[in-house]
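Visitor: Prediction below, plus the sequence it came from.
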Amino acid sequence: MDLDFNKNEDNMKQALVQLRNRYQKIAIGGGTKSIEKQHEKNKLTARERIAYLVDKDSVFYEIGAFAGYEMYEEYGGCPAAGTVAGIGYVSGRQCIILANDQTVKAGAWFPITGKKNLRLQEIAMENHLPLIYIVDSAGVFLPLQDEIFPDKEHFGRIFRNNARISAMGISQLSVVMGPCVAGGDYLPIMSDETLMVEGNGSIYLAGPYLVKAAIGETTDSETLGGAVTHTSISGIADYKFKTEEECLDQVKKIMSALGHTASAGYDRIEAKDPEKNPKEIYGLFPSDPTKPYDMLEIINRIVDAPGIQQFKEDYGKTIICGYARIDGWSIGIVANQRTIVKTKKGEVQLGGVIYNDSADKSARFIMNCNQKKIPLLFLQDVTGFMVGTRSEQSGIIKDGAKMVNAVANSVVPKFTIIAGNSYGAGNYAMCGKAYDPRLILAWPTAKIAVMGGDQAAKTLLQIQVASLKSKGQVIDPAEEKKLLDEIRGRYERQTSPYYAAARLWVDGIIDPLETRKFISEGISAANQNPEISTFRTGVFQV
């Protein structure tokens, strides 16, 4: 047992070192030379601006740091999707901050940039959080304009959201510290207030070169759309400042004067530390994704003492359901159990698999949490639903549909942590990205795919071999093994949490020890929105 613990601990620590190293590379954006150029213009970087803006005794919870990871390499890459974004506190007010990173392709918008900005706006709308946009962007990245410009979830959706967010009574501030050009100039004008920095901030539909080409007029950026022009002549901007620090100080003053709204009323008491040492998660969570372990031991190192109070403890044992507290917040937990269990009928149930009884139990528990206004946390380590004649004849599809129905129609805030496997319909039933979790985060040990790597590789190999045989081609065992290894390698890369985070299937990859902080911050955000819909499950087979 000690050997396994040490092996697991070493594996997790190595994965976390890799996570930190990759993040540190992302955090320098376009590189040190680009940062130096920014400083030469008396401009701070996106991360420096956020660090100056947020309250000094608070934590900035970055979202989408790995967006764009290993994507667009033919264009030199797009670290963090060319933006720095997350949840932070300004003058004691929890808010969303979105900052263009000018060191990355002059802050140009790649397709993943648009997706990331829409995700942050979605979080703001769901939780009624004020939005601060720090603008410093050259606009759409033209070589990929067809992938960001015209569709429903493309660039234009951001301005649609501006209007909808304003109509919801959610404050939006735009801080223009660099270029804001073409269609992008609607963002600050559709915000409640616009602040600009003299000499660097500019807002215009067309820049000097395009104006010259279009109408033959010769002008410069400042005359065309600088801070003086827009605060003294056009009336588009509301404030101008000589330095970025003065500008950000004004943002703090504006935020400090915001009125307070009613809370949703989620219950919170004084927080208690977990009963068991959270650092032991490193050794308890297996490095081998097929090995069983007791998820209860993990849960009781995440939640407040005295631990989880289980619901239907002796029924549906491949999913743990129960009530607990995280940082004082009341929460309902639905977690896959990876131990192999025996039912009272003597049947063996494989860990990580959702059976009829566990799906039935989960659906009932989710409905109870909605009835009681208790937020939900899903801890995923699931290989899917049980298959085979016995399960089908017992109605696994019916029970699975019941669980999916409850998750889909749940109206209390949902949060998802992908700790290990997240395969097939198990991803859906356990509140995957398609089911609107307020935050969805992965541990470095996460694997997200339609099925496991070995099963998928063998299935794909069989299809390819059959195709070759139909053409009269024979493949020898050595060649077949080489092909299998190639398929497995490609598939395994696609199951990586980094692959998922790059595409924003998850909001971030976190150290397991950060789970408490992120979930607590998520519930705190959700508590800012008092509007809760009536829970209805719709029609399903009983």
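Guide: It's in. Residues are numbered from 1 along each chain as shown.
Visitor: For the stretch 1-150 of the chain, which segments count as strands?
Guide: Along the stretch 1-150 of the chain, counting by DSSP state E, counting those that start in this stretch, strands occupy 61-62, 83-90, 93-100, 131-137.
Visitor: How far off centre is the shortest one?
Guide: Using Cα atoms, centre = their mean, to the nearest Å, the distance from the centre of strand 61-62 to the centre of the chain it belongs to is 10 Å.
Visitor: partner strands of it, parallel or antiparallel?
Guide: strand 83-90 (antiparallel) (DSSP bridges).
Visitor: which outside residues touch the partner strand?
Guide: The contact list for strand 83-90 (Cβ atoms under 8 Å, 6 or more residues apart in numbering) reads 46-47, 50, 53-55, 58-64, 94-101, 113, 116-117, 120, 123, 129, 132, 251-252, 255, 521, 525. C-beta here means a position set from N, CA and C on the backbone, and glycine is covered the same way.
Visitor: For that strand, what does the pLDDT average out to?
Guide: Across strand 83-90, pLDDT averages out at 98.
Visitor: Same question for stretch 102-122.
Guide: 96.
Visitor: Tell me how far that stretch lies from the chain's centre.
Guide: 14 Å.
Visitor: From the opening residue of stretch 317-336 to its closing one, how far?
Guide: End-to-end distance of stretch 317-336 (Cα to Cα, to the nearest Å): 9 Å.
Visitor: Stretch 135-148 too?
Guide: 18 Å.
Visitor: How many residues are close by P437?
Guide: P437 is flanked by 25 other residues according to other Cβ atoms under 10 Å.
Visitor: now do the one 10 residues further on
Guide: Here the count is done by other Cβ under 10 Å, and K447 has 22 residues near it.
Visitor: swap in T231?
Guide: T231: 18 neighbours (other Cβ under 10 Å).
Visitor: Equivalent analysis for S470, please.
Guide: 8.
Visitor: Ok, R364 next?
Guide: When neighbours are counted by other Cβ under 10 Å, R364 comes out with 17.
Visitor: three-state assignment of it?
Guide: For R364, the secondary structure call by DSSP: H, G, I helix; E, B strand; the rest coil comes out as helix.
Visitor: Skip the chain neighbours and tell me the closest residue to it.
Guide: Sequence neighbours aside, K312 is the residue nearest to R364 in space, at 7.6 Å (criterion: Cβ to Cβ, 6 or more residues apart in numbering).
Visitor: likewise T459?
Guide: M451 is the one closest to T459 (Cβ to Cβ, 6+ apart), at 7.7 Å.
Visitor: So the one you found belongs to a strand, correct?
Guide: No. Counting by three-state DSSP, M451 is not part of a strand but coil.
Visitor: And the residue nearest to R364, which helix or strand is it part of?
Guide: When elements are assigned from DSSP states H and E, K312 belongs to no helix and no strand.
Visitor: thought it was touching F365?
Guide: Yes. Look at K312 against F365 with Cβ atoms under 8 Å: they come within range, at 7.5 Å.
Visitor: Those two - which one has more neighbours?
Guide: Between K312 and F365, F365 has the larger neighbour count (other Cβ under 10 Å), namely 25 against 18.
Visitor: give me the beta-bridge partners of the closest residue to the more buried one other than its chain neighbours?
Guide: In space, and not counting its chain neighbours, F365 is closest to C321: 4.0 Å by Cβ to Cβ, 6+ apart. Using DSSP bridges, the beta-bridge partners of C321 come out as V334.
Visitor: C321: how many residues sit nearby?
Guide: The number of residues packed near C321 is 25, by other Cβ under 10 Å.
Visitor: Also P208?
Guide: P208 has 18 neighbours, counted by other Cβ under 10 Å.
Visitor: Surely it touches G226?
Guide: No. Counting by Cβ under 8 Å, P208 stays clear of G226, with 11.4 Å between them.
Visitor: can you tell me which helix or strand the residue in the chain sticking out farthest from the centre belongs to?
Guide: Distance from the centre of the chain peaks at G472, with 47.7 Å (Cα atoms, centre = their mean). G472 is located outside every helix and strand, with elements delineated by DSSP H and E.
Visitor: Look up how far T339 lies from it.
Guide: According to Cβ to Cβ, to the nearest Å, G472 and T339 sit 49 Å apart.
Visitor: And A85, by the same measure?
Guide: Counting by Cβ to Cβ, the gap from A85 to T339 is 39 Å.
Visitor: what about these two, which has more around it?
Guide: The neighbour comparison of A85 against T339 (other Cβ under 10 Å) goes to A85, with 28 against 16.
Visitor: Any idea what the more buried one is bridged to?
Guide: Beta-bridge partners, per DSSP bridges, of A85: L98.
Visitor: what residues are up against the residue nearest to G307 when sequence neighbours are not counted?
Guide: Nearest non-adjacent residue to G307, counting by Cβ to Cβ, 6+ apart: N300, 4.2 Å away. Residues in contact with N300, defined by Cβ under 8 Å, 6+ apart, are 274-276, 307-308.
Visitor: okay if I get these as JSON lines plus secondary structure, pLDDT and neighbour count?
Guide: Listed next are the contacts of N300 as JSON lines, based on DSSP: H, G, I helix; E, B strand; the rest coil; pLDDT from 0 to 100; neighbours: other Cβ atoms under 10 Å:
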{"residue": "P274", "secondary structure": "coil", "pLDDT": "98", "neighbour count": "20"}
{"residue": "E275", "secondary structure": "coil", "pLDDT": "96", "neighbour count": "12"}
{"residue": "K276", "secondary structure": "coil", "pLDDT": "97", "neighbour count": "18"}
{"residue": "G307", "secondary structure": "coil", "pLDDT": "97", "neighbour count": "18"}
{"residue": "I308", "secondary structure": "coil", "pLDDT": "98", "neighbour count": "23"}
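Visitor: Does the residue nearest to F365 touch F311 like I think?
Guide: Yes. In this structure, C321 is within contact of F311 by Cβ under 8 Å, at 4.4 Å.
Visitor: Common neighbours of the two, please.
Guide: Common neighbours of C321 and F311 (Cβ under 8 Å, 6+ apart) are 361, 365.
Visitor: mind checking the SS state of I236?
Guide: Assignment for I236 (three-state DSSP): coil.
Visitor: Surely it and I203 touch.
Guide: Yes. When contacts are counted by Cβ under 8 Å, I236 is listed as touching I203 (6.4 Å).
Visitor: Between these two, point out the one with more neighbours.
Guide: Ranked by neighbour count (other Cβ under 10 Å), I236 and I203 place I203 first, with 28 against 17.
Visitor: remind me which residues of the stretch 151-300 of the chain are low pLDDT?
Guide: 183 (pLDDT under 70).
Visitor: Kindly confirm my reading that L195 is in a strand.
Guide: Yes. L195 forms part of a strand when assessed by three-state DSSP.
Visitor: so what's the closest residue to it other than its chain neighbours up against?
Guide: Leaving aside its sequence neighbours, L195 sits nearest to Y239 (Cβ to Cβ, 6+ apart; 4.5 Å). Neighbouring residues of Y239 by Cβ under 8 Å, 6+ apart: 193-196, 231, 247, 250.
Visitor: Quick check: of those, which has the highest neighbour count?
Guide: M196 (30 neighbours).
Visitor: Thanks a lot, see you next time.
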